[in-house]
Each structure stands twice: as C-alpha cells, then as structure tokens.
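> based on what follows, work out the 3D shape:
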Amino acid sequence: GFVTPHIVLLRHGGPDGWRWVLFTVFVAMGSDSGGYFTGRAYGRRKLLPAVSPSKTVEGAAGAVAGAMLVAMLCCVIFFPRLALAEALGLGGAISLFAQLGDLCESALKRAFGAKDSGWIIPGHGGILDRLDSLLFPMVFVYYYTAFPRG
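A predicted model of the protein is given here:
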C-alpha cells in the first residue's frame, strides 16, 4: 500500500537514495537494539501495557539513544557533510517513528487476536515484527529528503 512506494521513491530519489535507505535501516535497527537491551537491563515502568506489555519507558529512552548513536556513526560513513545536530535529530525522529510502527503493529495484532503476524520467522512474532519498525521511518526519511531544507 502506502509504505512500499516511499521506499522505492527514497531509493531512486537521487544519487544518495541507497545511502538513505541503508541509513534508515541501520538507525531503526539501532533503535530496536537500544530499546531491547536498555529495557531488559533497566526497564521498570510499562510504556503501554494494554498494547505491548513488555515495552518500558526506559526501553523507549534507550531506543532513542541507540538510534542517535547509530545515526552519528552512519553519518560519518554515508553523509560526512551532515551536521552532528542533524544526525542526532534524524536518529531521534527515526527512533520515534520506529517505535510508533512497532506499537501500531502490536495494537493491530491485539485487535485481531493474533500472537504472531506470520509463520516465516517462528518465535519472533512473524515477518511483520521484523519490519514494523521500518515502515514509518522510511516514509519519514523519504519526505525529509524529498523537500529542500535549510
């Protein structure tokens, strides 16, 4: 539907399109990892227990920190002229959109009474659980890169 065309447009939106796609994937992965490990180590307060009982406020903060760290590292590789503040802002925004995608997917699963969103990756909630944190960030990064800034 809505997301896939944005990924294609982002990829083919200019000479740096492939860099933006990889940047978004890596930063979203940093968000997921930061949230998981911080939540496991320090998670105390539930974020939205009715939607996703295992997500914590501390994990959400760790997700933002992880995404910002990965964004800084990726900018050195992919976009060396990008300002540090812009890299940090992008990392934070991508993390928020990644977490929103994950929560929306969890809410949909709960609404339909589905524990997993597929059988392809057993024990991990299905294929959609692996992709949900990429859906909204790809749309955000497409619009971020599509319009002039400055």
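> tell me, what residue is most central in the chain?
In the chain, the residue lying closest to the centroid (CA atoms, centre = their mean) is residue 98, at 2.8 Å.
> run through the strands of this protein in chain order.
For the chain, applying DSSP state E gives strands covering 46-48, 52-56.
> below-threshold pLDDT in the chain: ranges please.
115-130, 150 (pLDDT under 70).
> give me the longest helix you can find in it.
Criterion DSSP state H: the longest helix present in the chain is helix 84-111.
> that one packs against which elements?
helix 17-42, strand 52-56, helix 57-78, helix 127-146 (3 or more CB pairs under 8 Å, 6 or more residues apart in numbering; DSSP states H and E). (Glycine included, C-beta is placed from N, CA and C.)
> out of these, which is closest to residue 93?
Residue 93 sits nearest to helix 127-146 of all these, at 6.3 Å, using CB to CB.
> which one of the helices and strands packed on helix 84-111 lies closest to residue 107?
Minimum separation from residue 107 across the helices and strands packed on helix 84-111 (CB to CB) falls at strand 52-56, 8.1 Å.
> can you get me a residue count around the closest residue to residue 42 other than its chain neighbours?
Using CB to CB, 6 or more residues apart in numbering and skipping residues adjacent in sequence, the residue nearest residue 42 is residue 58, 4.5 Å away. Using other CB atoms under 10 Å, residue 58 is surrounded by 18 other residues.
> right, and residue 58 touches residue 45 too?
Yes - applying CB atoms under 8 Å as the test, residue 58 and residue 45 come out as touching, 6.8 Å apart.
> returning to what we had before: redo the helices and strands packed on helix 84-111 as JSON lines? Include distance to residue 1.
Shown next, in JSON lines, are these (distance: least, CB to CB, whole Å):
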{"stretch": "helix 17-42", "distance to residue 1": "18"}
{"stretch": "strand 52-56", "distance to residue 1": "23"}
{"stretch": "helix 57-78", "distance to residue 1": "25"}
{"stretch": "helix 127-146", "distance to residue 1": "10"}
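> perfect, that will be all.
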